[in-house]
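>>> Pasting the sequence and the predicted coordinates here, then a few questions.
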Amino acid sequence: PGWFSEISPLWPGEAHSLKVEKILFQGKSDYQNVLVFQSSTYGKVLVLDGVIQLTERDECAYQEMITHLPLCSIPNPKKVLVIGGGDGGVLREVSRHSSVEQIDICEIDKMVVEVAKQFFPDVAVGYEDPRVNLRIGDGVAFLKNVPAGTYDAVIVDSSDPIGPAQELFEKPFFESIAKALRPGGVVATQAESIWLHMHIIEEIVANCRQIFKGSVNYAWTTVPTYPSGMIGFMLCSTEGPAVDFKNPINPIDDESPVKTIEPLKFYNSEIHQASFCLPSFAKRVIETK
Ligand SMILES: NCCCN[C@H]1CC[C@H](NCCCN)CC1
C-alpha cells in the first residue's frame, strides 16, 4: 500500500524507495524503532529507525563479504566474535568455515534477534549452528571483559553512527578490538559509503592506522538497497603474522553443520580481490601517500 522512502540526515538530499506490499511488524525496542515489511521486488525488508538494514534479495552481498573477506584471509580461524549482526546473517556465513570452533555474538537489541527469527528464517538460520553463543548486551562493555588475544577474527556488523551504534565507530572501541585479537588477528567493520561518507571513512582509516599495526585496507561491495548502492568495510590486522587481505588463502569449504543454508550467492575469490580496488577519489584519501 504505497512506498517506503529511506530519508536520513546521514544522506541528505537523497532517498531510496521500495514499493510496500504489506507491513508485517512494527515495534519499539529499548533502543530503536523496528519495522518489517514485504516489498514488491526485494522480498522482506528490515528497517531500524527508518534505515534499511537488510532485504531478502540483496543481504547476501553484505553478509558474505563482511564475513569472508576477513575469514578467507587467515589460515584456520578458530575463535570468531561478532559485534552487532543480530539478524544472524553473519553467523550463517561464519558457519561455512569448518575450522571455526567458537562463534560469540554480542547484539544489543534482543528485538532484532526475535524479529529476524520470526520474519527472516533464511538469515537467522545462523543461530542454529551449535558453535554460536549469543550475548544480548553492549558490544563496548563486552569487549572490555575479553582477555587479551582471545579471538582470531572480530566482525563488527553495525548499523550507522547515529543511535545505538555510535560508539562502534570511535577509537576506544577499535583499541578494545585490537586487544581482544591475537597477533595477526583480523577485524572487519561496516565502514559506510565512499559516495556519502568520505569524511567519516577518512577518520576511521586514520584511527585504524594508529591502532592496527598489521594491514589496514578498505574494501567495498554493491548493495542495491543501501544508499548510494554500495557499502564498504575496514579490514585490519594486528601486529604479528602478516595478513594480505587482497589475496584469499583460506578457501571456503562451503559446508556448514547447518544443513539448510544455501550455497554462496555473492562471494568468490575473484570478487574478494576486486573488492579492494578503489576509484581514484577514494584511493587518494584511504591509501597512504
Ligand atoms: N547484518 C546486516 C546489518 C547491516 N548493517 C548496516 C545497516 C545500515 C546500513 N546503512 C547504510 C548507510 C550508507 N552507507 C549499513 C549497514
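Sure thing, it's come through.

>>> need the residues of the chain near the ligand, please.
Within the chain, the residues that sit near the ligand (CB under 6 Å from any ligand atom) are 51, 53-54, 62-63, 85, 87, 89, 157, 159-160, 190, 192-193, 196, 226-227, 231. Backbone N, C-alpha and C define where each C-beta goes, glycine included.

>>> List the ones among the residues you listed that fall in strands.
Residues of these located in strands (DSSP state E): 51, 53, 54, 157, 190, 231.

>>> What is the most widely separated pair among the residues you listed?
51 and 157 (14.0 Å; CB to CB).

>>> who's more crowded, those two?
Under the criterion of other CB atoms under 10 Å, the comparison of residue 51 against residue 157 puts residue 157 first, with 26 against 21.

>>> bridging residues for the more buried one?
Residues in a beta bridge with residue 157, per DSSP bridges, are residue 84.

>>> ok, residue 9 - how many residues close by?
Neighbours of residue 9 under the rule other CB under 10 Å: 6.

>>> residues contacting the spatially closest residue to it that is not a sequence neighbour?
The shortest distance from residue 9 to any residue other than its chain neighbours is 7.4 Å, reached at residue 162 (CB to CB, 6 or more residues apart in numbering). With contact set as CB atoms under 8 Å, 6 or more residues apart in numbering, residue 162 has these partners: 8, 9, 10, 49.

>>> same check, this time on residue 104
Residues touching residue 104, when contacts are defined by CB under 8 Å, 6+ apart, comprise 79, 80, 81, 82, 133, 135, 151.

>>> show me the residues around residue 175 that make contact.
Taking CB under 8 Å, 6+ apart, one finds residue 211 in contact with residue 175.

>>> What strand or helix carries it?
Secondary structure assignment for residue 175, by DSSP states H and E: helix 171-180.

>>> List the buried residues for that helix?
Of the residues in helix 171-180, those scored as buried under the neighbour-count criterion (16 or more other CB atoms under 10 Å) are 173, 174, 176, 177, 178, 179, 180.

>>> Residue 82 looks like it's in a helix, true?
No - assessed with DSSP: H, G, I helix; E, B strand; the rest coil, residue 82 is strand; it does not lie in a helix.

>>> Check whether it really touches residue 91, as I assumed.
Yes - applying CB atoms under 8 Å, one finds residue 82 in contact with residue 91, separated by 6.5 Å.

>>> which residues are in contact with both of the two?
The contact sets of residue 82 and residue 91 overlap at 103, 105 (CB under 8 Å, 6+ apart).

>>> What number of residues are in the vicinity of residue 188?
26.

>>> Next up, the contacts around residue 230.
By CB under 8 Å, 6+ apart, the neighbours of residue 230 are 193, 194, 195, 220, 221, 222, 223.

>>> so which of these comes closest to the ligand?
residue 193 (3.8 Å; CB to the nearest ligand atom).

>>> Chain neighbours aside, what residue packs nearest to the closest one?
If the residues on either side of it in the chain are set aside, residue 193 comes closest to residue 228, at 4.4 Å by CB to CB, 6+ apart.

>>> So, low pLDDT: which residues of the chain?
Counting by pLDDT under 70, the chain has low-confidence residues at 254, 289.

>>> top strand in the protein by residue count?
Of all the segments of type strand in the chain, defined by DSSP E, the longest one is strand 16-28.

>>> partners of it, with directions?
Sheet neighbours of strand 16-28, with direction, are listed as strand 3-6 (antiparallel), strand 33-39 (antiparallel) (DSSP bridges).

>>> Closest one of the buried residues of helix 171-180 to residue 202?
Distance from residue 202 was checked for each of those by CB to CB. The minimum falls on residue 174, at 14.7 Å.

>>> returning to that earlier point: burial count for the residue nearest to residue 193?
16.

>>> Am I right that it is in contact with residue 197?
No - if you go by CB under 8 Å, residue 228 and residue 197 don't touch, sitting 9.0 Å apart.

>>> re earlier: and the contacts of residue 104, which of them are buried?
When the contacts of residue 104 are checked for burial by 16+ other CB under 10 Å, the buried set is 79, 80, 81, 82, 151.

>>> from the residues you listed, which two are the most distant?
Among the buried ones among the contacts of residue 104, the pair separated by the greatest distance (CB to CB) is 79 and 82, at 11.4 Å.
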